[in-house]
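Colleague: Show me how the following folds:
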Amino acid sequence: MRSIAIVGRPNVGKSTLFNRLVGVRQSITTDTAGTTRDRIYGDMEWENKYYEIIDTGGLELLNKDDHIQKQINMQAEIAVDEAEVIFFLVDGREGLMPLDEHVADFLRKTGKQVYLFVNKVDDYDLRDCIYDFYTLGFGEPIWFSSLHGVNMDKLFDKVQEYFSQHELPEELDDEGTKVAIVGQPNVGKSTLLNKFLKTDRVMVDSVAGTTRDPIKEPFELGGKKFTLIDTAGIRRVNKLKEHVDKIAVIYSDKVIERADLVLYVLDASRPLSTQDKRIAGKILEEQKPCIVVINKWDTVVDKEETVEKLETQYEEELYFLKFCPHVYISALTGTKVPKLQDAILDLSNALDIRTNTNHLNKLIQEAVLIHKPPMFKGKQLKIYYVSQLKSKSGIFIFQVNDSNLIHFSYYRYLENTIRDMYKFEGIPLKLIFKGKK
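Modeller: Residues are numbered from 1 along each chain as shown. Prediction:
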């Protein structure tokens, strides 16, 4: 997708512009500098084309003890790296500030297309203030007001000017099903990618953290297009000393968010760690279809005993991912890698499963007859109608008398009923209950 990052020092109106472009109040806007700390993403539609807009925190000079500002600057750096175009915002009311020059120096080093916009010029008498900003070296500054929408057409002209000249052919934009390889450092993610594609696409080393940037490789299975994405090992950000490593971990979390399905890689030679479970929690939080890949199977001596121990631990500690298939492989030797490829194709096909609404409602009616909902404060749950959300294979909408009457155990019963009937292996299911009120 075409991407634009909004960058500038604190309190120049970045979030106000973001909210105007995406058409919804998604970023918090106040007169206090530093309100936005993380990157915030939104989509903008203009002239039947879609753009990704990235809001960032205000860039400032760093004090070595200011850990929050370090995080803000790092998030802005990631946003700039991701974006094709940078909107550099300055404040027309306050005029040119030393910090604007600091931001300009940072942006010049990126080599990206930068457009300079002078914000908060909602009074035509202020238009002459823009001339001071020529010294920043980004060509003619364009004045506008993000708060009142004044002169916004000039901003859109710049969007059209750039992307009309840098439009990718449509076929190059088709990545197919995006498959993310995630896991802790040194569990064999890059070895798996190389074996999977039979190339030395990435550097493989026994030192944890060799991969930093997400690496994409297209491939085909069963006539379907896929993109395999190898990510940096996910560790706790606050335990990382190197700035580039922190950025890599944030990238990895984002890859999970954007993936269509996830290969969650574990090391068969070591027990689950707290961080393994955090990664699993991220996969569940993002509701991602998933295959649990137990790698380094070649290092295990007593395989039967190890399988029993690992499966017991996974059942107890990764119970929330019990819907995911487990595949034991050796990325180094290639053992069972074809089986993993088959599992990926099966899961990809399962993403297209759409239930027949009549059949689904009959199934739920029979389930209710077999096991009636429990009473709660003298009332009982009544299910009137069930439908599958068209855009998401694993989301089902239940029309009920009162959504507060659904008990956790009955939720699981209904979820398992649907999963068993329609073979949603590897796909998280989400049941949404809507009451009459």
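Colleague: Grab the nearest non-local neighbour of the residue nearest the centre of the chain.
Modeller: Central residue of the chain (CA atoms, centre = their mean): residue 257, 2.2 Å from the mean position. Of all residues not flanking residue 257 in the chain, residue 286 sits nearest, at 5.4 Å (CB to CB, 6 or more residues apart in numbering). C-beta: built from backbone N, CA, C; applies to glycine.
Colleague: Go ahead and confirm that neighbour touches residue 255.
Modeller: No: using CB atoms under 8 Å, residue 286 is not in contact with residue 255, being 10.4 Å away.
Colleague: who has more neighbours, these two?
Modeller: residue 255 (21 against 15; other CB atoms under 10 Å).
Colleague: and the more buried one, that's in a helix?
Modeller: Yes: assessed with DSSP: H, G, I helix; E, B strand; the rest coil, residue 255 lies in a helix.
Colleague: What count of nearby residues applies to residue 21?
Modeller: Around residue 21 there are 23 residues (other CB under 10 Å).
Colleague: In contact with residue 52, which residues?
Modeller: If you count contacts by CB atoms under 8 Å, 6 or more residues apart in numbering, residue 52 has them with 1-4, 41-44.
Colleague: For the protein, give me the ranges with low pLDDT.
Modeller: 1, 24-39, 60-71, 124-126, 167-175, 198-216, 231-252, 391, 437 (pLDDT under 70).
Colleague: For residue 266, see how far away residue 228 is.
Modeller: 18 Å (CB to CB, to the nearest Å).
Colleague: before we move on, what about residue 282?
Modeller: The value you get for residue 282 to residue 266, if CB to CB is used, is 14 Å.
Colleague: before we move on, what about residue 181?
Modeller: Distance from residue 181 to residue 266, by CB to CB: 12 Å.
Colleague: One more: residue 395?
Modeller: Residue 395 is 27 Å from residue 266, by CB to CB.
Colleague: for residue 5, same thing?
Modeller: 35 Å.
Colleague: returning to what we had before: out of the contacts of residue 52, who's nearest residue 408?
Modeller: Nearest to residue 408 among these, counting by CB to CB, is residue 41 at 32.1 Å.
Colleague: Helix or strand: which one has the closest one?
Modeller: Following DSSP states H and E, one finds residue 41 within strand 40-46.
Colleague: Go through the helix or strand following that strand and flag the buried ones.
Modeller: Per DSSP H and E, the first helix or strand lying C-terminal to strand 40-46 is strand 49-55. Residues of strand 49-55 classed as buried by neighbour count (16 or more other CB atoms under 10 Å): 51-55.
Colleague: Look up phi and psi at residue 262.
Modeller: phi -120, psi 130 (degrees, to the nearest 10).
Colleague: That one touches residue 256, doesn't it?
Modeller: Yes: Residue 262 lies in contact with residue 256 (CB under 8 Å); the separation is 6.1 Å.
Colleague: check contacts around the closest residue to residue 143 other than its chain neighbours.
Modeller: Distances taken as CB to CB, 6+ apart place residue 121 nearest to residue 143, at 4.0 Å, with adjacent residues excluded. Residue 121 is in contact with 92-93, 127, 129-130, 143-145, 150-151, counting by CB under 8 Å, 6+ apart.
Colleague: All set, thanks.
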